[in-house]
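> Predicted coordinates and the sequence they were generated for:
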There are 2 protein chains.
Amino acid sequence: MKMILVDGLPSAVVQADDRGLAYGDGVFRTLAMRNGIAELWPRHYVKLAADCRALEITPPQEADLQRDLAQVATHARDCALRITVTRGSGGHGYALPNTVKPRRVVTVSPLPQYPGSPAVQGVRLRYCDMRLALQPRLAGIKHLNRLENVLARAEWNDPAIAEGLLLDTADRVIEGSRSNLFLVEGQGLATPDLSQCGVAGITRDLVIEAAQKNGMQCEVTTVSTARLEAAHEIFLVNSLIGVWPVAALGWRRWTDFAVSARVRKWLDACRNPSH
Amino acid sequence: MKMILVDGLPSAVVQADDRGLAYGDGVFRTLAMRNGIAELWPRHYVKLAADCRALEITPPQEADLQRDLAQVATHARDCALRITVTRGSGGHGYALPNTVKPRRVVTVSPLPQYPGSPAVQGVRLRYCDMRLALQPRLAGIKHLNRLENVLARAEWNDPAIAEGLLLDTADRVIEGSRSNLFLVEGQGLATPDLSQCGVAGITRDLVIEAAQKNGMQCEVTTVSTARLEAAHEIFLVNSLIGVWPVAALGWRRWTDFAVSARVRKWLDACRNPSH
């Protein structure tokens, strides 16, 4: 199952002078391939290219990535993909090279198996001590500078805790360590504003758009822990988990996952537009 | 001259699943080797090990790195070294692997040549637009999450500008893109506090200690741009440049580099304690 493509060729290694390794100078995406199809590929490509441009990295051609995906599909029809694009090799210290060829690395691994039925029963969360720094220049981008996430995830190893929530240095609730967050409040949704920090995933965009299409308000806003815990429901989203309703956070319990289930149906419809 | 050692062996490549590449999950040092001696090695090792521990990475054994340095010295007596230590390969997403072997990468390149005589004539600086985020958990550590530095350095390509100054998001002056900063004020020195952001280099530590030893006060403090521009002298330090007095920053000019020259002598004495 393990397979890595570097610039389209199977390889276990990358150049040691890659700027992704030296400085985290690059971006990435994580997505699911099911039945040989990279789910929501057009969305992922648009976001990958936008994130590259935000760092002034020339995005890879979509056709090159599609060839990579086709090659993966001959090897594994159902898998998790990570697509990394680094600025490439070269430059003098931090200074960019005059000419540089971005490098793409596609890593294939088994689709993660989650214990229990998290989508049905809901998951348990914790608050992380780690705080996200406010950096508007990098906010929203899924770049390779992810030490905050690594250190947040290292705070717990109880497998009963499915995800950790990250607050920013101003104590606003931002996201999960690897997921975006929604609150169900009254008849509408709310999701944290990511203009200062956090990663804006494509599933979050899809939920915001699907809510609009289905006549449900979705507010992008500031979320305190008090507001979060007062929500009727809360749920997490990302490209691998889909939608996970939250059953517990500290002492707070939730048992009604009706809106989460509705949102999951919207996302299923996006993934399989023919149905 | 180009040479890379990965875990002690010459290699142009590293494993593509290294967490340094995936998340910037590691630390590094840059230092000079002159006449086969890695300058101020004991200091560099102590700082490298401390930075590893700050990220809960097991530091490499000093003996292993010393063997790497000896190998480099047979190849290039005078060179710039970059020593990178990553957490290694493995783990499931952000989660750390149960057992992981940190990886060390030693990269050799020519000592940089700087046009003119920057140490004598002083250098020209600019302010960068990029702001450093306030992240006390990572402040001071020379980790691999360096997109802020990369983007700051990408702001100019006029070779007459030797360095860019970085302010934090609260508009305090912090450091150069690849150097630490000192101000000469009255009879003493001042250097920006790095408890919220920035990289605490070993040359900065040496200057602070040498000032104390030589009866010169050195304050670690908050520095505004007004305070910076009001200083009698300002100078930059790092392991490769040593001490560079600043001759120009925007419209401000400095011509007296007496204290910078004195500090350079202190550092020369640290590098060659036998003299």
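Okay, I see it.
> SS state for the residue nearest to A:D129 when sequence neighbours are not counted?
Nearest residue to A:D129 in three dimensions, chain neighbours excluded: A:E155, at 6.1 Å (C-beta to C-beta, 6 or more residues apart in numbering or on different chains). Just so you know, the C-beta spots here come from the backbone N, C-alpha and C atoms, and that holds for glycine as well. Three-state assignment for A:E155 (DSSP: H, G, I helix; E, B strand; the rest coil): coil.
> near chain B, which residues of the stretch 101-250 of chain A?
Within reach of chain B by C-beta under 8 Å from any C-beta of the partner chain, the stretch 101-250 of chain A has these residues: A:105, A:107, A:112, A:130-131, A:133-135, A:137-138, A:143-154, A:169, A:177-178, A:197.
> ok, back up a step: correct me if wrong: the residue nearest to A:D129 contacts A:Y127.
No. Using C-beta atoms under 8 Å, A:E155 makes no contact with A:Y127, being 9.4 Å away.
> Are there residues contacting both of those two? Which ones?
Common contact partners of A:E155 and A:Y127 (C-beta atoms under 8 Å, 6 or more residues apart in numbering or on different chains): A:G164.
> now the nearest residue to A:K213 once chain neighbours are set aside: how far from A:D256?
Using C-beta to C-beta, 6+ apart and skipping the chain neighbours, the partner closest in space to A:K213 is A:W266 (8.0 Å). Noted for A:W266: a distance of 18 Å to A:D256, by C-beta to C-beta, to the nearest Å.
> higher neighbour count, the two?
Per other C-beta atoms under 10 Å in any protein chain shown, whichever of A:W266 and A:D256 has more neighbours is A:W266, with 18 against 12.
> show me the contacts for the residue of chain A found nearest chain B.
With C-beta to the nearest C-beta as the measure, A:G24 is the residue of chain A nearest to chain B, at 3.1 Å. Under the criterion of C-beta under 8 Å, 6+ apart, the neighbours of A:G24 are A:H143, A:L144, A:N145, A:R146, B:Y23, B:G24, B:L144, B:N145, B:R146, B:L147.
> ok, back up a step: among the residues of the stretch 101-250 of chain A next to chain B, which lie within helices?
Using DSSP state H, the subset of those located in helices is A:L147, A:E148, A:N149, A:V150, A:L151, A:A152, A:R153.
> Just send the residues you listed back as CSV, with pLDDT and neighbour count too.
Shown next, in CSV, are those (pLDDT from 0 to 100; neighbours: other C-beta atoms under 10 Å in any protein chain shown):
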residue, pLDDT, neighbour count
A:L147, 98, 23
A:E148, 98, 24
A:N149, 98, 23
A:V150, 98, 24
A:L151, 98, 21
A:A152, 98, 24
A:R153, 97, 24
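> so which of the residues you listed would you say is closest to B:L206?
Nearest to B:L206, judged by C-beta to C-beta, of these is A:L147 at 26.7 Å.
> so what's the closest one up against?
Applying C-beta under 8 Å, 6+ apart, the residues contacting A:L147 are B:Y23, B:G24, B:D25, B:L55, B:L138, B:H143, B:L144, B:N145.
> Filter those residues down to the buried ones, PyMOL style.
In PyMOL, this line selects whichever of the contacts of A:L147 come out buried by 16 or more other C-beta atoms under 10 Å in any protein chain shown:
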select buried, chain B and resi 23+24+25+55+138+143+144+145
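> any chance of the contacts of A:L147 in TSV, plus distance to B:G91 and pLDDT?
Output for the contacts of A:L147, formatted as TSV (distance: C-beta to C-beta, whole Å; pLDDT from 0 to 100):
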residue	distance to B:G91	pLDDT
B:Y23	9	98
B:G24	14	98
B:D25	9	98
B:L55	13	98
B:L138	19	98
B:H143	17	98
B:L144	15	98
B:N145	17	98
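> got the domain boundaries for chain A?
A:3-109, A:118-271 (automatic domain parsing).
> Please compute how far the last one lies from its chain's middle.
Taking C-alpha atoms, centre = their mean, to the nearest Å, one finds the center of domain A:118-271 at 10 Å from the center of the full chain.
> so which of the ones in helices among the residues of the stretch 101-250 of chain A next to chain B comes closest to B:A226?
Among these, and counting by C-beta to C-beta, the member closest to B:A226 is A:E148, at 32.2 Å.
> Looks to me like A:V220 is in a helix.
No. Assignment of A:V220 by three-state DSSP gives strand, placing it outside any helix.
> what number of residues lie near it?
Around A:V220 there are 15 residues (other C-beta under 10 Å).
> Phi and psi next, for the residue nearest to it when sequence neighbours are not counted.
Once flanking residues are discounted, A:V220 sits nearest to A:D193: 5.3 Å by C-beta to C-beta, 6+ apart. For A:D193, the backbone dihedrals (degrees, to the nearest 10) come out as phi -70, psi 130.
> So which residue is dead centre in chain A?
By C-alpha atoms, centre = their mean, chain A has its centre lying nearest to A:G201, at 4.7 Å.
> And that one, how close does it get to A:A210?
Counting by C-beta to C-beta, the gap from A:G201 to A:A210 is 14 Å.
> ok, now A:A162?
23 Å.
> ditto for A:R253
For A:R253, the distance to A:A210 equals 27 Å [C-beta to C-beta].
> And those two? Which one has more around it.
Neighbour tally, A:R253 and A:A210, criterion other C-beta under 10 Å: the higher count belongs to A:A210, 19 against 11.
> excluding its backbone neighbours, what's nearest that one?
Per C-beta to C-beta, 6+ apart, closest to A:A210 is A:W266, 3.8 Å.
> do A:D78 as well
Per C-beta to C-beta, 6+ apart, closest to A:D78 is A:R34, 5.4 Å.
> That neighbour is in contact with A:A76, isn't it?
No. Between A:R34 and A:A76 there is no contact under C-beta under 8 Å: 10.6 Å.
> ok so, going back, which among the contacts of A:G24 gets closest to B:G188?
Nearest member of those to B:G188, counting by C-beta to C-beta, is B:R146, at 31.3 Å.
> So what's the residue count around that closest one?
Residues near B:R146, counting by other C-beta under 10 Å: 24.
> residues contacting the residue nearest to it when sequence neighbours are not counted?
Once flanking residues are discounted, B:R146 sits nearest to A:Y23: 4.0 Å by C-beta to C-beta, 6+ apart. Applying C-beta under 8 Å, 6+ apart to A:Y23 gives the contacts A:Y94, B:G24, B:L144, B:N145, B:R146, B:L147, B:N149, B:V150.
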